[in-house]
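**Student:** With the input below, show me the fold.
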Amino acid sequence: MKHKVFFQVATLVAVLVVFLSFSLISQAQIAFVSERDWNTEIYVMDADGNNLRNLTNNPGSDESPSWSPDGQKIAFQSDPDGGKNFEIYVMDADGNNLRNLTNHPAWDGAPSWSPDGQRIAFVSYRDGGKNSEIYIMEANGNNPRNLTNHPGSDGAPSWSPDGRRIVFQSSRDGGKNFEIYIMDADGRKPRNLTDNPGSDTSPSWSPNGQKIAFQSNQAGGKKNSAEIYVMDADGNNLRNLTNHPGSDTSPSWSPDGRRIAFQSNRDGGKNSEIYVMDADGNNLRNLTNHPAPDYQPDWFNPAGYPVSPAGKRAAIWSWLKQNSNPWRN
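**Tutor:** Coordinates of the predicted model:
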């Protein structure tokens, strides 16, 4: 009898977990930048391309959206008055309660939330030089600190899911092209992950921490369009996910790590659209289709967790297997 009751409870738990998993996936959203209202604004849509909403409406440009881990806020770069000096702003996920986080004569942009939601990495020219550096600040804009300090330009920071490391692009190797680097979250121990004739940029860490997607024109030269590549987090096992005459850029992982959103002009026009593909490059789908450009997608994890719903489901089943009586002390 006890075994029968346990089996029924375990089955019910499994059904609930599967239901919640699909519910979380259905709630996933993608923030992106669009010029469809004749100005550069932040939009958000469901992960299937439906339910499009405009979040910002400023005379200047709003770009580089980054979801907070809990999905309550979106950080982005903006020059609200059109003065071309970008600062970091944050707003609620519905576009309300806009707040300015940085206020500096130099350019601040490309915000990236830490997995715990306590800090924001960003790019700035505030060191007085012509090159960009990576900074970090508290989520309310306090205590900005310099993480990199190099004659080369550093940019596009992306946190590891455990918050211990940051992957970024840099031209510090002395060449004119960018490579992918990784460093500890305090700026120490920078290591080079790529070394190609072309530029490797816009790195994005997978939710399980095992892979890094990025854009690259591996062969170099203006005639070589960018493609989406993926590699292990240590730089090994490089694979090309896209192979198209158009330019494929700005990869962003789905919450479960099974798909990658990116921007591409592969539809034959001069403007870019948002696409999504499986993490192995298969099953390509077009999410936006507009005469104006859509770009810079950022995929929101509705659960706020660095692991996938499938991973949580497996963890619960493992716990049930190891604990024959879930009510025991």
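**Student:** mind listing the strands for the stretch 151-300 of the chain?
**Tutor:** Taking DSSP state E, counting those that start in this stretch to define them, one finds strands in the stretch 151-300 of the chain at 154-159, 165-170, 179-184, 191-192, 200-205, 211-216, 227-232, 239-240, 248-253, 259-264, 273-278, 285-286, 294-299.
**Student:** Does anything pack onto the first one? Which helices or strands?
**Tutor:** This points to strand 154-159. Under the contact criterion of 3 or more CB pairs under 8 Å, 6 or more residues apart in numbering; DSSP states H and E, strand 154-159 touches strand 108-113, strand 119-124, strand 133-138, strand 165-170, strand 200-205. Quick note: C-beta positions are derived from backbone N, CA and C, even for glycine.
**Student:** hmm, 6 Å instead?
**Tutor:** If contacts are counted by 3 or more CB pairs under 6 Å, 6 or more residues apart in numbering; DSSP states H and E, strand 154-159 sits against strand 108-113, strand 133-138, strand 165-170, strand 200-205.
**Student:** May I see those strands arranged in a markdown table, with mean neighbour count as well?
**Tutor:** Listed next are the helices and strands packed on strand 154-159 as a markdown table, based on neighbours: other CB atoms under 10 Å:
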| stretch | mean neighbour count |
| --- | --- |
| strand 108-113 | 23 |
| strand 133-138 | 21 |
| strand 165-170 | 24 |
| strand 200-205 | 24 |
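**Student:** could I get these as JSON lines with distance to Tyr229?
**Tutor:** Listed next are the helices and strands packed on strand 154-159 as JSON lines, based on distance: least, CB to CB, whole Å:
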{"stretch": "strand 108-113", "distance to Tyr229": "20"}
{"stretch": "strand 133-138", "distance to Tyr229": "22"}
{"stretch": "strand 165-170", "distance to Tyr229": "13"}
{"stretch": "strand 200-205", "distance to Tyr229": "8"}
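**Student:** will you turn those into JSON lines that also has distance to Gly95 and mean pLDDT?
**Tutor:** Formatted as JSON lines, the helices and strands packed on strand 154-159 follow (distance: least, CB to CB, whole Å; pLDDT from 0 to 100):
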{"stretch": "strand 108-113", "distance to Gly95": "16", "mean pLDDT": "97"}
{"stretch": "strand 133-138", "distance to Gly95": "22", "mean pLDDT": "98"}
{"stretch": "strand 165-170", "distance to Gly95": "28", "mean pLDDT": "98"}
{"stretch": "strand 200-205", "distance to Gly95": "24", "mean pLDDT": "97"}
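**Student:** mind putting the strands of the stretch 151-300 of the chain in a markdown table, distance to Gly109 included?
**Tutor:** Formatted as a markdown table, the strands of the stretch 151-300 of the chain follow (distance: least, CB to CB, whole Å):
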| stretch | distance to Gly109 |
| --- | --- |
| strand 154-159 | 9 |
| strand 165-170 | 13 |
| strand 179-184 | 19 |
| strand 191-192 | 24 |
| strand 200-205 | 13 |
| strand 211-216 | 18 |
| strand 227-232 | 22 |
| strand 239-240 | 29 |
| strand 248-253 | 14 |
| strand 259-264 | 17 |
| strand 273-278 | 20 |
| strand 285-286 | 28 |
| strand 294-299 | 11 |
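**Student:** Of these, which is nearest Met91?
**Tutor:** strand 294-299 (13.6 Å; CB to CB).
**Student:** Parallel or antiparallel, list what pairs with the closest one.
**Tutor:** Its sheet considered, strand 294-299 pairs with strand 29-34 (antiparallel) by DSSP bridges.
**Student:** and for the strand it pairs with, what are the contacting residues?
**Tutor:** Strand 29-34 has contacts (CB atoms under 6 Å, 6 or more residues apart in numbering) with 43-47, 63, 65, 74, 261, 274, 294-300.
**Student:** any idea of the mean pLDDT in that strand?
**Tutor:** Per-residue pLDDT values over strand 29-34 give a mean of 96.
**Student:** Could I get the CA-only coordinates of that strand as CSV?
**Tutor:** C-alpha atoms of strand 29-34 as CSV (Å, rounded to 0.1, in the frame of the first residue of the first chain):
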residue,chain,number,x,y,z
GLN,A,29,10.2,36.5,-23.7
ILE,A,30,12.8,38.1,-25.9
ALA,A,31,13.7,41.8,-25.6
PHE,A,32,15.2,43.4,-28.7
VAL,A,33,15.9,46.6,-30.4
SER,A,34,13.9,47.9,-33.4
